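Engineer: Structure here, sequence nowhere to be found:
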């Protein structure tokens with residue numbers, strides 16, 4: 001989620017868009033004219049997992065989402081943890097599953113949300129118990145999965161390709177699964 005900064009967190013002066021030369025060329029950033037604070041607006045790291053559970057892929061529906069869209073388990077990386085520790089924590093918090101193995105799928109650009117997605121394949125065990133953040137889950141055979149044309153959908157497609165499946169993408173806006 002992106003937040004709009006309007007005031008300097010140091011001195012409360014209204015921030016102003018200013019262009020300045022940097023190593024890579026001219027950049028426009030929100031800066032404080034009083035104390036020179038700069039709002040860098042760097043992307044936030046988000047962790048995602050293609051959760052393999054009992055030979056199928058677990059997709060979940062966020063309780064806050066309208067419709068019946070199911071997606072990968074995701075969450076924000078916290079200070080002091082590795083990406084691997086972070087996604088194992090998120091899987092445990094959201095599904096109650098234990099992560100037996102993790103393999104990096106890739107890193108994906110998600111500019112619409114100003115995020116970088118670090119995606120893993122996680123083999124998990126245990127008994128699924130969803131957190132209140134998730135409304136429901138479904139298990140899918142690999143060949144029945146449909147990918148969505150954004151963020152984590154590309155990670156799922158790459159994971160399927162490596163396993164010899166041709167990913168099928170749903171049209172943007174279609175209600176998946």
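Structural biologist: Perfect, thanks for sending it. It should be emphasised that the depicted structure is a prediction, and the values quoted were computed from it without experimental measurement.
Engineer: pLDDT below threshold where in this structure?
Structural biologist: Along the chain, segments meeting pLDDT under 70 span 1-3, 172-177.
Engineer: residue contacts, the most far-flung residue of it relative to its centre?
Structural biologist: The C-alpha centroid of the chain is most remote from residue 34, which lies 35.7 Å away (Cα atoms, centre = their mean). By Cβ atoms under 8 Å, 6 or more residues apart in numbering, the residues touching residue 34 are 8, 11, 13. Yep, even glycine has a C-beta here, placed from its N, CA and C like the rest.
Engineer: List the contacts of the residue nearest the centre of the chain.
Structural biologist: Compute the mean C-alpha point of the chain, and by Cα atoms, centre = their mean the closest residue is residue 46, 4.1 Å away. The neighbourhood of residue 46, defined by Cβ under 8 Å, 6+ apart, consists of 74, 75, 76, 77, 110, 113, 115, 116, 117, 118.
Engineer: so where do the helices sit in the chain?
Structural biologist: Secondary structure of the chain (DSSP state H): helices located at 83-95, 151-162.
Engineer: Could you dump those into TSV and include distance to residue 103 and mean neighbour count?
Structural biologist: Listed next are the helices of the chain as TSV, based on distance: least, Cβ to Cβ, whole Å; neighbours: other Cβ atoms under 10 Å:
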stretch	distance to residue 103	mean neighbour count
helix 83-95	10	20
helix 151-162	9	20
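Engineer: Out of those, which is closest to residue 140?
Structural biologist: Closest approach to residue 140 among these (Cβ to Cβ): helix 151-162, 10.2 Å.
Engineer: Good, wrapping up.
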